[in-house]
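*Asks:* need a structure here:
(2 chains)
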Amino acid sequence: MLNYLIKRLLWMIPMLIGISLISFFIMHLAPGDITASESAFNPKASEESRQKLRALYNLDKPLTTQYGLWLKRIVKLDFGNSFASHQRPVLWETKDAKGNITKGMIQDALPITLMINLIGLLIIFSISIFLGVTSAVNQNKWPDRLITIIVFIGFAVPGFWLALLLMYWTGVTHSWLPISGLHSVGYEKMGHVAQYVDLFKHLILPVSISSLGGLASISLYVRNGMLDVLQQEFITTARAKGLTENKVIYGHALRNTLLPLITIIGLSIPGLIGGSVIGESIFAISGMGKLFFDAVLMRDFPVVMGILTIGSVLTLFGNLIADIGYAWADPRIRRGISN
Amino acid sequence: MYFKYIFFLFILFNVAACSDKKEITYNYEGIFNNEKGGTLIDAMSGEPSNLISMIAGDSASSAIAGNIFNKLIKYDKNLELAPELAEKWVISDDQKTITFHLKRNLKWADGHDLTSDDVLFTWKLVTDEKTRTPYGSDYKLVEKAEAPDAYTFKVIYKQAYAPALDSWASLQILPKHILKDEDINHTFFSRKPTGSSYYKLSQWVNGEKLTLEANASSVMGEPNINQLTSRFIADTSSQFLELIADNIDLMNINPIQFARVIPSRPDLKKKLALYKELGNSYTYLGFNLKHHPFDDIRVRQAINYALDKQEVIDGVLLGLGEPVASPYKPGTRWSDKALHPYPYDKNQALKLLHEAGFSDTNNDGILDRNGKPFTFEILTNQNKQREMTAVLIQRRLKDIGIDAKIRVIEWASFVNQFIKTGDFDAVILGWSLSLDPDQYNIWHSSQQKPGQFNFIGYNNKEVDQLLEQGRTELNPDKREKIYHAFSKTLLRESPVIYLYAGYGLTAMNKRIKGIESPAPPAGIAYNSYDWFIPSTLRRNEITP
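*Replies:* Below you'll find the model as predicted:
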């Protein structure tokens, strides 16, 4: 088992270098650089000053040199500073001689995205398992049909459109929920409990919208897995033993249905740090999706590469965790690895 | 069993509904007196990047920094130069020296004195090779800058340079006592600035909002509105929902919202006031003058006659724009009232094209010359208004037998692969209606290298001469004559076709009073210092 782990971890190094190399060159294939978007069409900004900026950021050097410089920094876990005029650190805060702290860009955006996605994941899994089991038990009866129709509608409806309608309905016509942002304007003046209630209210719509798309696939997954399991012989045995139907379904069938879900959870780990650009823009939430999107449009290479690197590390670890989780849950696989 | 859950959900929703805000009805009409206090909340699409404006390039940063910092001189409501930190400025007889006399008792927001030493320090910063600014070139023309005493700042130019005054009306003065030991490119000051203007930064929550509060020690004293909060809301539809839900007080809106949505809803009309002001830019169709047949003045003039500018304004901007006949803002002294845009005249267009040798010899509906059909490509970037404009142009050109194709390209590719390389026939783009009339960088024949701004390849000796003359003449009346002559030649030669200058449209909650309407040339924001919110109309500012 240990050997297996070490082998997997060592394999990650060449994988990461490969991924970063490809992302770096693809990013630089797109025409333009930071100087094109910042001040390209302001007649007061001269071409010489743009050249100066390019030299400052090493953008005038050959691509291979630029990649080498980046790699040299990243192995020291130095993600660098953004090219944007605020020059904020990409990953984590820095402190200057006088004790002024500049927060990192990912440091600001990540907790927000992580919070929304974790709550979303929890909601998706708990609702989908419930829906999937209900569908499977009532296969081809009306609850099954109804659930399938509803989750497919949820899957097919464009999120931004539904978001705007819900914002209008709950925020403008009824003022039940806040429309956008994560905090009210007077947030700082509220008490602790009121702050949590405020955050909770702000989260209802964004989390609901972001969960909607995931419901369809996971609940269908559970439904089909459940149907497969219910046809197996150990279920017949369980029923023959005289167990109640509830025990058969929740005690025996469900546990076996959930095995493949471990893989899905593992694979969704990298997705936890990625936000939806459209969702975040509409709800005015400054998460990872918008950070990445804006960085790509601005050709802010350090930020783009920083997010891609973290994303690929998490993807590789997510795969590993999924495999380990699988081995932990299923003795057949555990034996396969040890051999 | 399921009904239990549905019932539970129903209860939940009702609990949520109980927290309903009480519908407050304000009485917006009536006469209100000036009073101090209150909070104005607005929405910005982008978050400011860096509040040191010589380094920042984005409009969000300059909007906020403009409230925090002062300049030596400013543009007043009619866009004429006026005193700000300097009470007056004197130009020497040889026009090479400008002496600014500062007002007395100027203070930074932290209580330190603001003197000519700070101005000199700021000039040194903006001209320093190490400073990461794209705007240094204007200030590098200063041969010598000095501060002989605390209230005098003197700059001497190698030769008279007329845009100098404009450059001093845009340079925000920075505090020496805070920045002298800082690296201007990486300093806390960019996010925690100390300025001298009538607002100061009170709070900045990354990705969420930024709050300014009144600075009583400014040279103008305390403004009426006590607090300005800008929320960062990227999506304009969400901004609009916040506006009609009364959570923000003002936003920039689009022509459809201005002309259709708000007027058709009495509830919105009751609480929102609409303002329009001429924006600071114009949209044009520009030709590559190095490509045939656009090197022929008759062809350019013909296309100018063939395009109906009013139709474009009505179709694209719902009538919320003006045609322009020069690259200057109508209503300012630089814009010549005697000049008028080319009228829509199809016959005149056809006549000019025939003179240039075009006729439809093969009867396919497309004009041709020497066997080659008149067909070209119009490029533009991803901008809805420009795309719609292109379609209208395409149709009008088809009327006179010109086949135009449209191609829409992402901005960075557009600049790098087409503009810089000169690989285009015609473009739809915008230029700013600059406050200073100098447009040397855009039209002078020497400015055609890749990356420079005369990318259409305009080359006219008379225009070159006028531009050079205008640059060295500081007397506004003499400059006016020079730039009127320049505009006239430009209009006749039509290297670009002016299409329209759109209005900037603002919707504002009626609780904000003291706004000048109709807007003066400088726009409604010029007197935001005097805006006020009557206490009866303020929203409850403690609870959300």
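*Asks:* distance of A:Gly171 from chain B?
*Replies:* For A:Gly171, the distance to chain B equals 6 Å [CB to the nearest CB, to the nearest Å]. In this view, the C-beta of every residue, glycine as well, is placed from N, C-alpha and C.
*Asks:* And for A:Arg335?
*Replies:* Applying CB to the nearest CB to A:Arg335 and chain B gives a distance of 42 Å.
*Asks:* Work out for me the element that residue sits within.
*Replies:* Per DSSP states H and E: A:Arg335 is located in helix A:331-338.
*Asks:* which helices and strands does the host helix or strand of A:Ser135 pack with?
*Replies:* Using DSSP H and E, A:Ser135 sits in helix A:105-137. Packing contacts for helix A:105-137, counted by 3 or more CB pairs under 8 Å, 6 or more residues apart in numbering or on different chains; DSSP states H and E, involve helix A:142-156, helix A:192-230, helix A:254-267, helix A:288-298, helix A:301-329.
*Asks:* Lowest average confidence across the ones you listed, which one?
*Replies:* Among the helices and strands packed on helix A:105-137, helix A:254-267 carries the lowest mean pLDDT, at a mean of 81.
*Asks:* Tell me which other helices or strands it touches.
*Replies:* Counting contacts by 3+ CB pairs under 8 Å, 6+ apart, helix A:254-267 packs against helix A:105-137, helix A:192-230, helix A:301-329.
*Asks:* if I read this right, B:Leu250 contacts B:Lys510, doesn't it?
*Replies:* No. Checked against CB atoms under 8 Å, the pair B:Leu250 and B:Lys510 is beyond contact range at 10.7 Å.
*Asks:* since we're on A:Pro143, how many residues are nearby?
*Replies:* Look at A:Pro143: counted by other CB atoms under 10 Å in any protein chain shown, it has 15 neighbours.
*Asks:* circling back to that earlier point, any idea which of the helices and strands packed on helix A:105-137 is most buried?
*Replies:* Mean neighbour count (mean count of other CB atoms under 10 Å in any protein chain shown) peaks for helix A:288-298 among these, with a mean of 21.
*Asks:* ok and the helix holding A:Arg335 relative to helix A:254-267, angle-wise?
*Replies:* Following axes from the mean of the first three to the mean of the last three CA atoms, to 10 degrees, one obtains 50 degrees for the angle between helix A:331-338 and helix A:254-267.
*Asks:* Same question for B:Phe453, what's its three-state structure.
*Replies:* At B:Phe453 the chain is in coil, as set by DSSP: H, G, I helix; E, B strand; the rest coil.
*Asks:* Confirm B:Ser197 sits in a helix?
*Replies:* No. Under three-state DSSP, B:Ser197 sits outside any helix and is assigned coil.
*Asks:* which one is it nearest to, not counting chain neighbours?
*Replies:* Spatial nearest neighbour of B:Ser197, excluding adjacent residues (CB to CB, 6 or more residues apart in numbering or on different chains): B:Asn70 at 4.9 Å.
*Asks:* Would you pull up the residue in the stretch 101-250 of chain A closest to chain B?
*Replies:* Shortest the stretch 101-250 of chain A-to-chain B distance, computed as CB to the nearest CB: residue-wise this is A:Ser184, at 3.2 Å.
*Asks:* Contacts only, for that residue.
*Replies:* A:Pro178, A:Met190, A:Asp198, A:His202, B:Pro544 (CB atoms under 8 Å, 6 or more residues apart in numbering or on different chains).
*Asks:* Just to check, A:Leu212 is in contact with A:Phe152?
*Replies:* No. With contacts counted by CB under 8 Å, A:Leu212 stays clear of A:Phe152, the gap being 11.2 Å.
*Asks:* rewinding a little: which residues does the residue nearest to B:Ser197 contact?
*Replies:* With contact taken as CB under 8 Å, 6+ apart, B:Asn70 is in contact with B:Glu84, B:Leu85, B:Gln172, B:Ile173, B:Gly195, B:Ser196, B:Ser197, B:Ser218, B:Val219.
*Asks:* Of these, just say which sits nearest to chain A.
*Replies:* Taking CB to the nearest CB as the measure, chain A lies nearest B:Gln172 of the contacts of B:Asn70, at 14.2 Å.
*Asks:* What separation is there between the nearest residue to the closest one once chain neighbours are set aside and B:Ala56?
*Replies:* Using CB to CB, 6+ apart and skipping residues adjacent in sequence, the residue nearest B:Gln172 is B:Phe69, 3.7 Å away. B:Phe69 sits 12 Å away from B:Ala56, going by CB to CB, to the nearest Å.
*Asks:* Moving C-terminal from the lowest-mean-pLDDT helix or strand in chain B, which element do we reach first?
*Replies:* Lowest by mean pLDDT, DSSP states H and E among the helices and strands of chain B is helix B:2-18, with a mean of 48. The helix or strand immediately downstream of helix B:2-18 is strand B:39-44, counting by DSSP H and E.
*Asks:* Just the pLDDT for the residue most central in space within chain B.
*Replies:* Closest residue to the average C-alpha location of chain B: B:Asn280 at 4.3 Å, with CA atoms, centre = their mean. Listed pLDDT for B:Asn280 reads 85.
*Asks:* next one: the one 4 residues further on
*Replies:* B:Tyr284 carries a pLDDT score of 94 in this model.
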